[in-house]
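J.: Take a look and give me a structure for this.
(chains A and B)
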Amino acid sequence: AQKVTQTQTSISVVEKTTVTMDCVYETRDSSYFLFWYKQTASGEIVFLIRQDSYKKENATVGHYSLNFQKPKSSIGLIITATQIEDSAVYFCAMRELQGGRALIFGTGTTVSVSP
Amino acid sequence: ETAVFQTPNYHVTQVGNEVSFNCKQTLGHDTMYWYKQDSKKLLKIMFSYNNKQLIVNETVPRRFSPQSSDKAHLNLRIKSVEPEDSAVYLCASSRDWGSSQNTLYFGAGTRLSVL
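T.: You can find the predicted model right below:
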């Protein structure tokens, strides 16, 4: 069965530092896609970054990067040089290549960045 | 830039009433979705539509009925609302159903309160 788990409910950091958040997933599919989305205080949900399961290289977009550990079924999100506006809820999500299901989300991690 | 439009933003109603939510996307996408986000921020897929055809119904109670007149529109009707239907309903779209790596674009959501 397809499942995504985020164990950290909230993280607080000081701006300009690095924050790391965890995500583990379960799938029977050999090929799948992992995503991170951000939900701001206004409720808007936006896509941040994606990791394809068949790629060994960790994806990087701007100050977002991923720590993909396939043997551990883990996909961590790293935000470097955090800014106040990075305060949000971050969702990990997965979609199997052949599963025939839509994107499945984790429970979210709330990040608070303070001055 | 918003490209998935939902109306209304908020709706307050009483148990047993019928409600309808509208969603329109201007991205030219083939696939649209309804997600439910509860008070704990958990995002759960409800329905997936591809080219105005229902692809997946994720074991949603029968009082929920989606409707699609064309691939750019996906509405949601709840026949007789119950207290547990209080949530934010998020509409999303993606380029197509078959490409699992496609990003989802979300609307701003409709917040439903059932008294």
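
J.: who in chain B is up against chain A?
T.: Contact residues, chain B versus chain A (CB under 8 Å from any CB of the partner chain): B:33, B:35, B:40-45, B:48, B:56, B:58, B:88, B:90, B:100-101, B:103-106, B:108-109. The way it works is simple: take the backbone N, C-alpha and C, and place the C-beta from them, glycine included.

J.: Kindly recompute the last result at 7 Å.
T.: Contact residues, chain B versus chain A (CB under 7 Å from any CB of the partner chain): B:33, B:41-43, B:45, B:48, B:56, B:88, B:90, B:100-101, B:103-104, B:106, B:108-109.

J.: Identify the farthest-apart pair in these.
T.: Of all pairs drawn from the residues of chain B next to chain A, the widest gap by CB to CB lies between B:88 and B:101 and measures 26.1 Å.

J.: Please say which of these two ends up with more neighbours.
T.: The neighbour count for residue B:88 versus residue B:101, taken as other CB atoms under 10 Å in any protein chain shown, is higher for residue B:88 (19 against 14).

J.: Where do the strands of chain A begin and end?
T.: A:3-5, A:10-14, A:19-21, A:24-26, A:32-39, A:45-52, A:60-61, A:64-69, A:74-79, A:88-96, A:104-105, A:109-114 (DSSP state E).

J.: Same question for chain B.
T.: Residue ranges of the strands in chain B, as given by DSSP E, are B:4-7, B:10-13, B:19-25, B:31-37, B:43-50, B:53-57, B:64-67, B:75-78, B:87-94, B:105-106, B:110-114.

J.: and those as TSV, adding mean pLDDT and distance to residue A:66?
T.: Below are the strands of chain B laid out as TSV (pLDDT from 0 to 100; distance: least, CB to CB, whole Å):
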stretch	mean pLDDT	distance to residue A:66
strand B:4-7	96	25
strand B:10-13	97	35
strand B:19-25	98	28
strand B:31-37	96	23
strand B:43-50	93	20
strand B:53-57	85	27
strand B:64-67	94	33
strand B:75-78	97	33
strand B:87-94	96	20
strand B:105-106	96	21
strand B:110-114	97	32
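
J.: Distance to residue A:19 added to those, as JSON lines?
T.: Formatted as JSON lines, these follow (distance: least, CB to CB, whole Å):
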{"stretch": "strand B:4-7", "distance to residue A:19": "28"}
{"stretch": "strand B:10-13", "distance to residue A:19": "32"}
{"stretch": "strand B:19-25", "distance to residue A:19": "32"}
{"stretch": "strand B:31-37", "distance to residue A:19": "23"}
{"stretch": "strand B:43-50", "distance to residue A:19": "21"}
{"stretch": "strand B:53-57", "distance to residue A:19": "34"}
{"stretch": "strand B:64-67", "distance to residue A:19": "37"}
{"stretch": "strand B:75-78", "distance to residue A:19": "35"}
{"stretch": "strand B:87-94", "distance to residue A:19": "25"}
{"stretch": "strand B:105-106", "distance to residue A:19": "23"}
{"stretch": "strand B:110-114", "distance to residue A:19": "28"}
